[in-house]
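Q: sequence plus the predicted model coming up.
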Amino acid sequence: MAKPGRTPAKGAVASARILHDGLVIASHGRHCLVETPAGERLICHPRGKKSQAVVGDRVRWQASEDEGTIEEVVPRRNLFYRQDEIRTKSFAANLDHVLILIAAEPEFSEHQLARALIAAEAERITPIIALNKSDLAEPFERAWNKLAPYRRMHHGVLPLSLKASGEADYASLMKLLAGKSTLVLGPSGAGKSTLINLLVPGATALTGEISQALNSGKHTTTSTTWYWVDEARTTSLIDSPGFQEFGLNHIAPMQLAGLMPDIAAHANDCKFYNCTHLHEPGCGVIANVGAPGKPGPISATRYRIYGELFAELSQSRY
Ligand SMILES: Nc1nc2c(ncn2[C@@H]2O[C@H](COP(=O)(O)OP(=O)(O)OP(=O)(O)O)[C@@H](O)[C@H]2O)c(=O)[nH]1
Ligand SMILES: [Zn+2]
């Protein structure tokens, strides 16, 4: 925000009653940082419940003193969120991709990965899985093998070594991400900061400035931040914590199979139209689950995750 033209916008103060376009690039509590089409940034407050915005939202705002009020949130094309028994947490809106970054080390949780992929499918957001630290040969091979079912699914897996081959990784990431808005998620230690700093030099410093602006000088971290990768502002990365405890309470148990592509591929071959794929005779899913020594199109682990999630989501409904 120290960049010329990017200070909280004094120039944005205009006569009242005029609505301006803006993009929400960070939020903290109820207020957010809004960027104007000219690249100026200012703090805005929601007018009421209906104008509560999240990062990635396009908004219409009105100037007030040196700040603004959000008068309207433009209808979203999608909203990536998680939901547990207690609360709903929105990560970001209007996304093209969710990039899930995991690494050879520390070992990742397949359960957590499966949950994030399901949440992305539910909002029709294209997921990308990247596996970092390919320089750690042995753990990488183990993780790569564990990802076999995901490599076979439509999204594939992108191998990275962000520290060892930054330049090559920059090129392969940009090939996928150019012109798109991508939310980056990942467990702690996978290399999320390394990735963001590779694509957005100075991102860490920028985050500090943004959270200071939003918290009136206090040093607390903002939960979600939008970064432009290019000067022309066509490619963006959104950094958000919260890969852990990925609640899927917003998804109905009977929706689940359709959101897991390897299971969905066989879910229409069942004898009963309302098959839960848990125990029914003539189930096309069960018939395609692999067993030790007999790999099937659906991995035994993926099928187990399906069953566990089905039980969890059935329980949370009552
Ligand atoms: N061997 C190896 N280490 C890497 C690679 N990329 C990142 N690291 C290291 O992994 C550690 C974690 O990287 P960060 O970028 O801080 O990870 P993060 O996901 O942001 O982690 P949190 O800050 O805990 O959320 C650091 O010590 C990095 O130097 C890589 O390609 N290979
Ligand atoms: Zn079935």
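A: Ah, there it is. Numbers count the residues shown, from 1 in each chain. Ligands and ions are numbered 1, 2, ... in the order given.

Q: got a list of what residue 267 touches?
A: Each residue near residue 267 by C-beta atoms under 8 Å, 6 or more residues apart in numbering is listed here: 257, 258, 275, 277, 284, 285. (Glycine included, C-beta is placed from N, CA and C.)

Q: want to try CSV for the residues you listed, with neighbour count, pLDDT and distance to residue 225 as columns?
A: Output for the contacts of residue 267, formatted as CSV (neighbours: other C-beta atoms under 10 Å; pLDDT from 0 to 100; distance: C-beta to C-beta, whole Å):
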residue, neighbour count, pLDDT, distance to residue 225
257, 21, 98, 35
258, 15, 97, 32
275, 21, 98, 43
277, 22, 98, 40
284, 18, 97, 44
285, 26, 98, 40
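
Q: now for those residues, which pair is the farthest apart?
A: 258 and 284 (13.4 Å; C-beta to C-beta).

Q: after the helix or strand containing residue 60, which helix or strand is next?
A: Following DSSP states H and E, one finds residue 60 within strand 58-64. Toward the C-terminus, strand 58-64 is succeeded by strand 67-73 as the next helix or strand (DSSP H and E).

Q: quick one: residue 128 from ligand 2, how far?
A: To ligand 2, residue 128 is 29 Å away according to C-beta to the ion, to the nearest Å.

Q: what about that residue, how many residues nearby?
A: 21 (other C-beta atoms under 10 Å).

Q: need the phi and psi values for the residue lying closest to it once chain neighbours are set aside.
A: Nearest residue to residue 128, sequence neighbours excluded (C-beta to C-beta, 6 or more residues apart in numbering): residue 99, at 4.7 Å. Reported as degrees, to the nearest 10, the phi and psi values for residue 99 are phi -100, psi 120.

Q: so what pairs up with the spatially closest residue to residue 19 that is not a sequence neighbour in the strands?
A: Sequence neighbours aside, residue 60 is the residue nearest to residue 19 in space, at 4.4 Å (criterion: C-beta to C-beta, 6+ apart). Under DSSP bridges, the beta-bridge partners of residue 60 are residue 21, residue 72.

Q: name the nearest residue to residue 148, ignoring sequence neighbours.
A: residue 299 (7.2 Å).

Q: related to what we said a few turns ago, how much space separates the residue nearest to residue 19 from ligand 2?
A: 47 Å.

Q: still on that earlier bit, okay, the contacts of residue 267 in TSV with distance to ligand 2 and secondary structure next?
A: Listed next are those as TSV, based on distance: C-beta to the ion, whole Å; DSSP: H, G, I helix; E, B strand; the rest coil:
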residue	distance to ligand 2	secondary structure
257	8	helix
258	12	helix
275	3	coil
277	4	coil
284	6	coil
285	4	coil
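
Q: related to what we said a few turns ago, could you dump the strand holding residue 60 to CSV, C-alpha only?
A: Extracted in CSV, the C-alpha atoms of strand 58-64 (Å, rounded to 0.1, in the frame of the first residue of the first chain):
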residue,chain,number,x,y,z
ARG,A,58,-17.5,-6.8,-6.3
VAL,A,59,-19.2,-4.1,-4.4
ARG,A,60,-20.9,-0.7,-4.9
TRP,A,61,-19.7,1.7,-2.2
GLN,A,62,-20.3,5.3,-1.2
ALA,A,63,-17.8,7.7,0.2
SER,A,64,-18.0,9.0,3.8
